[in-house]
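>>> Have a look at this prediction, sequence included:
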Amino acid sequence: MIKSMTGFGRAERTVGDKTFLIDIKSLNGKQFELQLKMPAFLKPFEFDIRKILSGELSRGTIDCTISLKETGNAKPVTINTDLAKSYYKPLAALANELGLDASTILSTLVKLPEVITPTSETLTDEEWKQFVDAMKAAIDDLNYHRMEEGKSLGNDLRLRIANILKQQEEIDKLEPLRQQKIRDGITRQLEEKIGKDNYDQNRLEQELIYYIEKIDISEEQVRLKNHCEYFISVLNEPEDAKGKKLSFILQEIGREINTTGSKAYDASIQKCVVLMKDELEKAKEQVLNVL
């Protein structure tokens, strides 16, 4: 089972006299990165909110927006006069410089962030517990979407590895023919250049064995097959976060494919190598989205 790093979760809960709307969006990322937007009165809880998100979501680029829905209930408010004054001075100077009517500045000031805030708005211990439940509901919704997309990712990755193994089996069939072609080619060139009876057959046989051993790809093929099988076994593991591990295994698969290509000296095997590289690149792109 695998999870995608991308997904979206939403939860709406009424806590006391407040109705929260929590939206969480996740995209792929190497580490856990969080962009958090929330009402000012939740600032004292920011560390706890971040801790909940990082603990539950593990990895990815996370965008979490917590907002209050309008309920129509009137609440006492306070005006942050110091903040309003700090806003007013540059606005008045700008209006004067541009020759604009300064009488409309007040209506603009009250719309600026934190100038007008509800009085003594906070969460009690019981309300905080209910808010945490709402957060976890949004996270559960996100993880559901991650798992659904993860199913598609898993199917595609299994297909890519199966295609690589298919080409590996084709190389196994071509390998004995390749060795014979190399042997025949070297012998033919010697006979054409120095004559059939002008070289030592035993020495030639020794040199051929040495040369063929140098370009032998059987070990690479065994390791390639083992890496592919390990990749599938990791895909089937129950743990959620395995994207980095799968990426490392693909690196090892790529190393064996590249070594096979560099030692092949055979057009048919090179075609198989090209097809394997194509499947490997597609797998690497998909693994970037795995949690």
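Thanks, I have it. Numbers count the residues shown, from 1 in each chain.
>>> which parts of stretch 227-246 are buried?
Residues of stretch 227-246 classed as buried: H227, C228, F231, L235, D240, K242, G243, K245, L246 (neighbour count, 16 or more other Cβ atoms under 10 Å). In this view, the C-beta of every residue, glycine as well, is placed from N, C-alpha and C.
>>> which one in those is the model shakiest on?
Of all the buried residues of stretch 227-246, D240 has the smallest pLDDT value, namely 76.
>>> so that one, which of the three states?
Classification of D240 using DSSP: H, G, I helix; E, B strand; the rest coil returns coil.
>>> What about the closest residue to it other than its chain neighbours, how many residues nearby?
Once flanking residues are discounted, D240 sits nearest to K3: 5.2 Å by Cβ to Cβ, 6 or more residues apart in numbering. Per other Cβ atoms under 10 Å, the neighbour tally for K3 reads 29.
>>> and if you look at Q251?
Using other Cβ under 10 Å, Q251 has 12 neighbouring residues.
>>> same question, the one 3 residues further on
Using other Cβ under 10 Å, G254 has 18 neighbouring residues.
>>> Model confidence for the residue lying closest to V273 once chain neighbours are set aside, exactly?
Take V273 and drop its neighbours on the chain: the residue closest to it by Cβ to Cβ, 6+ apart is G261, 4.0 Å away. pLDDT for G261: 86.
>>> can you tell me which of the buried residues of stretch 227-246 are in strands?
Residues of the buried residues of stretch 227-246 located in strands (DSSP state E): none.
>>> from these, which single one is nearest I139?
Set against I139, the nearest of those by Cβ to Cβ is D240 (12.7 Å).
>>> With L275 as the reference, measure out to N163.
Computed as Cβ to Cβ, to the nearest Å, the N163 to L275 distance reads 7 Å.
>>> show me what contacts the residue nearest to V273?
If a contact means Cβ atoms under 8 Å, 6 or more residues apart in numbering, then G261 has I269, Q270, V273, K277 as its contacts.
>>> ok, the first one - how many residues close by?
Think I269. For I269, the count of nearby residues is 21 (other Cβ under 10 Å).
>>> How much space separates it from L275?
Distance, I269 to L275, using Cβ to Cβ: 11 Å.
>>> S233 now?
S233 sits 24 Å away from L275, going by Cβ to Cβ.
>>> Next: L288.
Between L288 and L275 the distance is 21 Å, computed by Cβ to Cβ.
>>> neighbour-wise, which of those two wins?
Between L288 and L275, L275 has the larger neighbour count (other Cβ under 10 Å), namely 16 against 12.
>>> K151: which of the buried residues of stretch 227-246 is nearest?
Closest to K151, out of all of the buried residues of stretch 227-246 and judged by Cβ to Cβ, is L235, at 11.3 Å.
>>> Enumerate the positions of the strand or helix carrying L83 that are buried.
Per DSSP states H and E: L83 is located in helix 81-98. Of the residues in helix 81-98, L83, A84, Y87, Y88, L91, A95 count as buried by neighbour count, 16+ other Cβ under 10 Å.
>>> do the same with stretch 248-257
I249, L250, E252, I253, G254, E256, I257.
>>> Now, those that are in strands?
Applying DSSP E to these, no entry is found in strands.
>>> Dump the residues you listed to JSON lines, plus pLDDT.
Shown next, in JSON lines, are these (pLDDT from 0 to 100):
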{"residue": "I249", "pLDDT": "94"}
{"residue": "L250", "pLDDT": "95"}
{"residue": "E252", "pLDDT": "94"}
{"residue": "I253", "pLDDT": "94"}
{"residue": "G254", "pLDDT": "94"}
{"residue": "E256", "pLDDT": "93"}
{"residue": "I257", "pLDDT": "93"}
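>>> Okay, and which of these map to helices?
Among the buried residues of stretch 248-257, DSSP state H puts I249, L250, E252, I253, G254, E256, I257 in helices.
>>> Assess the claim that the first one and I232 are in contact.
No: applying Cβ atoms under 8 Å, one finds I249 not in contact with I232, separated by 9.8 Å.
>>> Measure how buried V290 is and give me the count.
Count around V290 with other Cβ under 10 Å applied: 26.
>>> those helices in the stretch 101-250 of the chain, which residues are they?
Counting by DSSP state H, counting those that start in this stretch, the stretch 101-250 of the chain has helices at residues 105-109, 125-194, 201-214, 218-235, 243-264.
>>> Thanks a lot, see you next time.
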